[in-house]
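> Predicted model, plus sequence, below.
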Amino acid sequence: RKIGNYMLVILFFALGLMSKPMLITLPFVLLLLDFWPLGRCRLGLNKQANEGSEKIEKTPQLIREKIPFFVIAGAFSAGIYSLAKEGGALTAMEGYSLSLRLSNAAVSYMTYLQKTFWPTNFSVFYPHPGNNIPVWQIFLCLTLLVMISFWVIRLRRVAPYLVFGWLWFLGTLVPVIQIVQGGAHAMADRYAYISLIGIFIMVAWGVFDLLDRWRQKKKTAFIFSALLIPLMVVTWMQVSHWKNSVTLFEHAIQVTDTKYPSFAIVHNNLGHALIVDGKNEEAISQYKKAIQFEPGFVKAHYNLGHALISERKSEEAIAQYKIAVQLKPDYVQAHYNLAHALFEHGKTKEAISQYERVIELRPNLASAHNNLGLALLKDEKKEDAISHFMMAVKVKPNYALAQKNLRAALFSPEKEGLEPSP
């Protein structure tokens, strides 16, 4: 009604999307708010449900005023999808059929509800089940979703907050319900923070209505209050798992089904947490378990190689790096670490080949030019070595190590003072 305020809301919506893509469902939420509690449209409601509304609008008018929001949301969605696809963030989607993603979505909806009312087996990572979802579970979840939807619609006249809360829950989860699969996870607790507001509205208003109708109000209120005690205990127990990354992923392993294809990620992440804590041997064990679950897990092979280098097991590390680059030929860091390990192990010609591959993939990586120069110098190819030292300095003019190596190559006949980049 005031164009200035209207434009300001649109501006804040656009700015909000830049901050958090989850806001993309706002146009849908605004329509829900028109239904209840604002009561700007009836949609089968009785007159009492619309009390307090200044004006009952026609549904087409309510939709028209949201068109700019839907246009912005659509454009933003297309842009995010395009960027994610180009960046490889949607590669996981290729491994899951649409029917499989829809099945996982149905199960995830009910799992979010189950964990809300029966908060057990929380995990920092829920691996995608792949083809391991039982048919009965899919059928049961779909049936429950349809039944709840039918029930809240039936009660829209006497309890409009139920249909409002339920549609809020279903609708705001759509962007993150993994129909557009991003990553190897099936769901995530953090995705439900906004969506569960709808469920909490259903519960809060529903409990109030029940108390208003029942005679034993104090006893009922006491029972509901008593339910908070076990929830507090569960919360305390759950928070304890977040003590550090090691306890977090150890708990994830305990509560995750090992038959899920992406289970290896949990072991890999635990390995990384152990590396940070300086527990290399334990980390190596976790990386090996990750590879046992998923032999083609490139990152686990790379991380295992890195951990083995820390334990001065260069031959084993070289073997892991070689597997990593075989599985992913354009893995720059794996080629780089392999070259470094080969050079340190005295396999100069192989190291040269790997550094050349790194430069082929990343021509402006100064450290690769510097290290290739050292390997070439050791292989008695001084002119080529000087050329790469000069390239390293050209790419990174303040690269002191490359400058030092270039001076040594030019003026020191004994190759003194030469140092590789880490």
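Nice, thanks for sending it over.
> Look up how far Ala84 lies from the residue nearest the centre of the chain.
Centroid check for the chain by Cα atoms, centre = their mean gives Gly183 as the closest residue, at 6.2 Å. Per Cβ to Cβ, to the nearest Å, Gly183 is found 10 Å from Ala84. C-beta: built from backbone N, CA, C; applies to glycine.
> how does the protein divide into domains?
According to automatic domain parsing, the chain comprises the domains 1-89, 90-240, 346-422.
> Adding mean pLDDT and distance to Ala339, write these out as a markdown table.
Formatted as a markdown table, the domains of the chain follow (pLDDT from 0 to 100; distance: least, Cβ to Cβ, whole Å):
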| stretch | mean pLDDT | distance to Ala339 |
| --- | --- | --- |
| domain 1-89 | 84 | 24 |
| domain 90-240 | 91 | 26 |
| domain 346-422 | 89 | 3 |
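> Figure out which of those domains is closest to Asn280.
domain 346-422 (17.3 Å; Cβ to Cβ).
> Show me where the protein has its strands.
126-127, 185-187 (DSSP state E).
> Kindly list the main-chain dihedrals of Leu38?
Backbone geometry at Leu38, expressed as degrees, to the nearest 10, gives phi -70, psi -30.
> Burial check on it, number of neighbours?
Residues lying near Leu38 (other Cβ atoms under 10 Å) number 16.
> now do Gln320
Counted with other Cβ under 10 Å, residues neighbouring Gln320 total 26.
> And Trp151, by the same measure?
12.
> before we move on, what about Leu102?
Residues lying near Leu102 (other Cβ under 10 Å) number 16.
> any idea how far Trp214 is from the closest residue to Val255 other than its chain neighbours?
Sequence neighbours aside, Asn121 is the residue nearest to Val255 in space, at 4.3 Å (criterion: Cβ to Cβ, 6 or more residues apart in numbering). For Asn121, the distance to Trp214 equals 34 Å [Cβ to Cβ].
> Give me the more crowded residue out of these two.
More neighbours surround Asn121 than the other of Asn121 and Trp214, with 15 against 11 (other Cβ under 10 Å).
> unless I'm mixing things up, the more buried one is touching Asp257, no?
No - at 9.9 Å, Asn121 does not count as touching Asp257 under the criterion of Cβ atoms under 8 Å.
> can I get the CA coordinates of stretch 329-345 in CSV?
C-alpha atoms of stretch 329-345 as CSV (Å, rounded to 0.1, in the frame of the first residue of the first chain):
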residue,chain,number,x,y,z
PRO,A,329,44.3,-37.1,-13.2
ASP,A,330,43.7,-33.3,-12.7
TYR,A,331,44.3,-33.4,-8.9
VAL,A,332,46.9,-30.7,-8.8
GLN,A,333,47.8,-30.9,-5.1
ALA,A,334,48.2,-34.7,-5.3
HIS,A,335,50.6,-34.4,-8.3
TYR,A,336,52.5,-31.7,-6.4
ASN,A,337,52.9,-33.8,-3.2
LEU,A,338,53.8,-36.9,-5.3
ALA,A,339,56.5,-34.9,-7.1
HIS,A,340,57.8,-33.6,-3.7
ALA,A,341,57.9,-37.1,-2.2
LEU,A,342,59.6,-38.6,-5.3
PHE,A,343,62.2,-35.9,-5.2
GLU,A,344,62.9,-36.4,-1.5
HIS,A,345,63.1,-40.1,-2.2
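> Flag every buried residue along it.
Of all the residues in stretch 329-345, those buried under the rule 16 or more other Cβ atoms under 10 Å are Tyr331, Val332, Ala334, His335, Tyr336, Asn337, Leu338, Ala339, His340, Ala341, Leu342, Phe343.
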